[in-house]
Every structure is written in C-alpha cells, then in structure tokens.
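*Asks:* build me a model:
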Amino acid sequence: MENNVVTKPTVFISYSHKDEAWKDRIVIHLGALAQEGILDTWDDRHICAGADWKKEIEDALKKASAAVLLVSADFLNSKFILDEEVPKLLERREKEGLRIFPVVIRPCAWKRIKWLSRMNLHPRDGKPLIGGTEFQIETDTWQRSPRRLQISLDMQQKYPKKADICHYLLRKSLSPNSLPQIPNYSVVKKN
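*Replies:* Prediction:
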C-alpha cells in the first residue's frame, strides 16, 4: 500500500525582528487557515534552541509554497534578509512560480528597490499599514491577504502552469464569487 501523505502548503514569513509585533499579527490571521488544515506558516521563531539557525532558514526557504515579506525600513536594511532570503525567494519565484506577497507595514523606500518595485504590494498601492486605522489594518490586510494567499495557493495547486491566472486574481483582489470566466478552468468553492 502506498503512503499518500498530503502535505499542506507552507508560507514562509520574512521580517525584521524589529517588526516582530507585525509578524505576530499576521501569524494569528494565517493561523485560522492553519487550524483548518489549509496551510502551515513558518518563521524563524520555529527554530529550536541549539539548532543550526541558518540551515533551518535555508530548509524552510526551499520548502515554502509562498512567502510573505513584511516590508519596512528595517526589513530593507537587514543584510541577512537582503543577502540570504530575498535572492533565494526571487530565484524560486522565477524558476518555480513561488508566490511572494510583500506587505508594507511601515514607511520605507520600497519604490526605489528594483526587485520590490516590480511587485504588486499590499495594502493597495503599497501604502504602509501603520498609516491606517485599526479597522483598515484588520480588513484590508489581515483579513484580505490570507484570503488572497489561500486563493493563490489553491490555484497554484490546481493549475501549476497557469501562474498568470494567479497573478491576475491577486492584482484584482477578486473573491471566488467574482472570478472571470476563464475558458477550460473552474474554481470549486469549498463549503
């Protein structure tokens, strides 16, 4: 008998430790999807004491199905993030279609960063979360981003060669009820 173990997609969270409170907030919201068995999250706080932290991060980068980048000035000044994490994530994005979700949490010069300025950032137009009200932060990012992430992962699993569909859906922030009619493709809503 074959061992058909279904693995859940893992979301790698890249952040500066100075932004840990923001990371904790998104982990809570993504945790709802984890509780439903839809995905797992990974951040460097999963590394056990005494473990080779660099190897653990490298392994997590290789296994990730998607990545959330919590963008701030501290994130953009982290040598480790820029030299180790970002290049590997961008390479996987290019070669494998890895989904990367940059979320601007505090004001920074993200528009001046070539690799980042070419991406669709969250919240809309890359406006920092810290500038919004608590309600805007909760609804625009913490509730919508996990949904966008789930839709992207679902589409990636169902249609791995149709990355353009996933990017279109994310750019337009569509819900499954308002999906465009794409010939030969359908999305089954889970109840």
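*Asks:* in this structure residue 60 contacts residue 11, no?
*Replies:* No - checked against CB atoms under 8 Å, the pair residue 60 and residue 11 is beyond contact range at 10.2 Å. Where you see a C-beta, it was placed from the backbone N, CA and C, and this is true even at glycine.
*Asks:* got any residues that touch both of those two?
*Replies:* Residues touching both residue 60 and residue 11 by CB atoms under 8 Å, 6 or more residues apart in numbering: residue 42.
*Asks:* and for the closest residue to residue 127 other than its chain neighbours, the neighbour number?
*Replies:* What sits nearest to residue 127 in space, not counting adjacent residues and going by CB to CB, 6 or more residues apart in numbering, is residue 104, at 6.8 Å. Residue 104 has 24 neighbours, counted by other CB atoms under 10 Å.
*Asks:* who has more neighbours, residue 60 and residue 11?
*Replies:* Neighbours were counted for residue 60 and for residue 11 using other CB under 10 Å; residue 11 has more, 26 against 20.
*Asks:* so the more buried one, which state does it fall into?
*Replies:* Assigned with DSSP: H, G, I helix; E, B strand; the rest coil, residue 11 falls in the strand class.
*Asks:* my guess is it meets residue 38, correct?
*Replies:* No - look at residue 11 against residue 38 with CB under 8 Å: they stay out of range, at 10.2 Å.
*Asks:* buried residues in the strand or helix carrying residue 61, which are they?
*Replies:* Here residue 61 is covered by helix 53-63, with elements defined by DSSP states H and E. For helix 53-63, a neighbour-count test (16 or more other CB atoms under 10 Å) marks 57, 60-61 as buried.
*Asks:* name the next helix or strand downstream of it, please.
*Replies:* strand 66-71.
*Asks:* and that next one, what does it pack onto?
*Replies:* Packed against strand 66-71 by the contact rule (3 or more CB pairs under 8 Å, 6 or more residues apart in numbering; DSSP states H and E) you find strand 10-14, helix 20-35, helix 86-96, strand 99-104, helix 144-158.
*Asks:* that one: what's the following helix or strand?
*Replies:* helix 73-76.
*Asks:* contacts made by the next helix or strand after that following helix with the rest, please.
*Replies:* Per DSSP H and E, helix 73-76 leads on to helix 79-80 as the next helix or strand towards the C-terminus. The list of residues contacting helix 79-80 from outside it, by CB under 8 Å, 6+ apart, is empty.
*Asks:* wait, what's in contact with the closest residue to residue 15 other than its chain neighbours?
*Replies:* Spatially, and ignoring its direct neighbours in sequence, residue 15 is nearest to residue 70 (3.9 Å; CB to CB, 6+ apart). Residue 70 makes contacts with 13-16, 19, 22-23, 26, 103, 105, as judged by CB under 8 Å, 6+ apart.
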